[in-house]
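# Make a model of this:
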Amino acid sequence: MQCIKATKKYLETEKNMRQFDERYYEQENEQGPRRGRGPVIACAFFVISVVALIIVMVIQSRGDYNRIELVSEREILSSSKVMGTADGFCAYNRDGAEGYNEDLSTIWNISYDFIDPIGHTCGDKCVFADRGGTDACVTDNTGTVTSLRMPGQIREACISEVGISAYLCDDGEQDFIYLYDFKGEKLLEIRTDVRTMGFPMAIALSPDGKRLVTSYIVIEEEQSCRVTFYNFGDVGQNYSDKIVGTFNYEDEIIPYIVFVDSEHVCICAEYSARLFEFREIPGELVSIDYEGSIEGIDVCDEKIAIASRDAGTGLAIRTYDKEGHVLSSAKTNIDFDEMKIKNNELFVVCREAFIIYDSDGEEKIRTSIPYRIESIFPTDSSDRYMIAVPGRVFVGTLMRGSEEDEEQEQEENESTETGENPTEVMDEAIEAGSGKELE
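Residues are numbered from 1 along each chain as shown. As a prediction, this is how the structure comes out:
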């Protein structure tokens, strides 16, 4: 009897197991297609998340900065002027000059004794001269110094990337242009007559040291300006005094000349700018006229930034390529002390405040520091900048959010580091009923 019961129980168990296996098999068949859609949905979610993250990163990279935190500083020569170099910047005054890298470390220093020092940089090369005097010197990022003495009083000086320097000197009724190599050997001497050429205004040397452009004020029956192009290459050897082109402009003064690269040059008058292609013989590419006066110009990385005072709209700052095509445009109502372009960004400085625009002319940040700003220099990092103030240079990092948010975040991080969870501490206090105030 017990055997029969055991047999029946076994058969019922076997039947139940088979029914379970069949139901499980059917369930597996029903759920199979649903499992197949799972990886697709997960993959789609992953792609959407990545795209959203990229969009957020792009938006953050274009702006949302609202302040700058000064993270380090370095004392520099007192009463000094600063200029950007390929490695960082340099500061110079009457007694000498020093070069610094982006970490504010001194990489070179030189000494001299000038009454009215002027300076110019190109790449890692620097020239310093005593305006109204006869002494000058050139150096590079190694601190190698070559001292020079001119036959006449120095009015302007400039240098090229290859170390060739040019000097515009005054000798009474005649002016001279001298070219020297980096070792101090005279390469060329050009004599100009004030009565025929006019009074020199500006001078610019190409980065490769093979071309020179000067502007002169000519006073005859009416005042005019003469721009002269010199070529020191093979083509220039066939021309008198290496002059391969001269352009006269009536009722204009051209105080600013700058090379965009070795074969393109920009000249600026009060209400217009002109771009020339200057490979062997100069030819004008484009002339740009402005409604108001030109308030500033800067050139870097083959881009030109020109600020003009447009009627009723404040200052308009436009950037151009070397052929005169407009790349971006920005407007501001502040009267700036300095404007420069570098690393595809535009910098506008006014006393303690500054604005940085990106390559599209969009405002990246507008903020201030409690110091009088003399200049700003970018670094390799897109959110770190060097800021020169009287007697010091800071490294600043662009920040998002308020200082209060940052302090709160720092406190939360410190709590996490000590192993305390604010939520757990609060829960324990409530459970204990201690009524203790939470700090």
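
# Going along the chain, name the helices of this structure.
For the chain, the helices defined by DSSP state H occupy 2-62, 194-197, 403-417, 422-432.

# ranking those helices by mean pLDDT, which is last?
Lowest mean pLDDT of the helices of the chain: helix 422-432, a mean of 42.

# distance of the spatially most central residue of the chain from Leu285?
Taking C-alpha atoms, centre = their mean, the centroid of the chain lies closest to Lys342, which sits 2.8 Å from it. Separation of Lys342 from Leu285 (C-beta to C-beta, to the nearest Å): 23 Å. (Each C-beta comes from the backbone N, C-alpha and C, glycine too.)

# got it, and Arg372?
39 Å.

# ditto for Val389
For Val389, the distance to Leu285 - C-beta to C-beta - is 39 Å.

# Those two: which is more packed in?
More crowded of Val389 and Leu285, by other C-beta atoms under 10 Å: Val389, with 19 against 16.

# Report how many residues lie close to the residue nearest to the more buried one when sequence neighbours are not counted.
Using C-beta to C-beta, 6 or more residues apart in numbering and skipping residues adjacent in sequence, the residue nearest Val389 is Tyr371, 4.0 Å away. Applying other C-beta under 10 Å, we find 16 residues neighbouring Tyr371.

# And the strands in the stretch 151-300 of the chain?
Using DSSP state E, counting those that start in this stretch, the strands of the stretch 151-300 of the chain run over 153-159, 165-171, 174-180, 186-193, 199-205, 211-219, 223-231, 243-250, 256-261, 264-268, 272-278, 282-289, 294-300.

# so which of those strands gets nearest Glu102?
Taking C-beta to C-beta, strand 294-300 is the member of these nearest to Glu102, at 16.2 Å.

# Run through the stretch 201-350 of the chain and note the low-pLDDT ranges.
The stretch 201-350 of the chain contains residues with pLDDT under 70 at 311-313.

# just so I know, which of the strands of the stretch 151-300 of the chain lies nearest His325?
Nearest to His325 among these is strand 282-289 (8.7 Å), distances taken as C-beta to C-beta.

# buried set for that closest one?
By 16 or more other C-beta atoms under 10 Å, the buried positions in strand 282-289 come out as 282, 285, 288.

# Could you do stretch 134-147 as well?
Residues 135-141, 145-146 are the ones in stretch 134-147 that count as buried (16+ other C-beta under 10 Å).

# swap in stretch 65-76?
For stretch 65-76, the neighbour count (16+ other C-beta under 10 Å) marks 65, 67-68, 76 as buried.

# Dump the C-alpha coordinates for that stretch into CSV.
Provided in CSV are the C-alpha atoms of stretch 65-76 (Å, rounded to 0.1, in the frame of the first residue of the first chain):
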residue,chain,number,x,y,z
TYR,A,65,32.6,81.4,-16.9
ASN,A,66,31.8,84.2,-14.5
ARG,A,67,34.9,84.9,-12.5
ILE,A,68,38.7,84.2,-12.4
GLU,A,69,40.6,82.8,-9.5
LEU,A,70,44.2,84.0,-9.0
VAL,A,71,46.1,80.9,-8.2
SER,A,72,49.7,82.0,-8.2
GLU,A,73,51.8,85.2,-8.6
ARG,A,74,55.3,86.4,-9.3
GLU,A,75,57.0,89.7,-8.7
ILE,A,76,58.5,91.3,-11.8
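
# Is Ala307 in contact with Phe336, as I believe?
Yes. The pair Ala307 / Phe336 is scored as a contact, 7.4 Å apart, by C-beta atoms under 8 Å.

# list the residues that contact both of these two?
Shared contacts of Ala307 and Phe336 (C-beta atoms under 8 Å, 6 or more residues apart in numbering): 295-296, 315.

# quick one: contacts for Ile306?
Contact analysis of Ile306 by C-beta under 8 Å, 6+ apart lists 268, 273, 288, 290, 294, 296-297, 317-320.

# mind redoing it with 7 Å?
273, 294, 297, 318 (C-beta atoms under 7 Å, 6 or more residues apart in numbering).

# In terms of distance to Gln237, which of the shared contacts of Ala307 and Phe336 ranks first?
For the shared contacts of Ala307 and Phe336, the nearest to Gln237 is Gly296 (37.5 Å; C-beta to C-beta).

# Can you report how many residues neighbour that closest one?
Neighbour tally, Gly296, other C-beta under 10 Å: 18.

# Contacts only, for it.
Counting by C-beta under 7 Å, 6+ apart, the residues that Gly296 touches are 307, 336, 339.

# how close does the first one get to Glu295?
Right, the one you point to is Ala307. Counting by C-beta to C-beta - Ala307 and Glu295 are separated by 5 Å.

# Check Cys266 too.
Following C-beta to C-beta, the distance that separates Cys266 from Glu295 is 15 Å.

# Between these two, point out the one with more neighbours.
Comparing Cys266 with Glu295 by other C-beta under 10 Å, the one with more neighbours is Cys266, at 25 against 16.

# OK, contacts around Glu75?
Glu75 touches 391-392, counting by C-beta under 7 Å, 6+ apart.

# Please name the bridge partners of it.
On the basis of DSSP bridges, Glu75 is bridged to Arg392.

# go on, Arg309?
Applying DSSP bridges, one finds that Arg309 bridges with Leu315.

# Tell me how many other residues crowd it.
17.

# do you know how far it is from Ile355?
Arg309 is 17 Å from Ile355, by C-beta to C-beta.

# before we move on, what about Arg67?
With distances taken as C-beta to C-beta, Arg67 is found 13 Å from Ile355.

# before we move on, what about Asp321?
22 Å.

# How about Ser78?
28 Å.

# In terms of packing, which of the two has more residues around it?
Ile355 (20 against 11).

# so that one bridges to which residues?
Beta-bridge partners of Ile355, as defined by DSSP bridges: Val348, Arg366.

# Contact partners for it?
Here Ile355 is in contact with 332, 348, 363, 366 (C-beta under 7 Å, 6+ apart).

# Likewise for Ser78?
With C-beta under 7 Å, 6+ apart, Ser78 has these contacts: Gly391.

# measure it to Glu185 for me?
Counting by C-beta to C-beta, the gap from Ser78 to Glu185 is 35 Å.

# swap in Asp87?
According to C-beta to C-beta, Asp87 and Glu185 sit 26 Å apart.

# Please identify which of these two sits among more neighbours.
Between Asp87 and Glu185, counted using other C-beta under 10 Å, the more crowded position is Asp87 (16 against 9).
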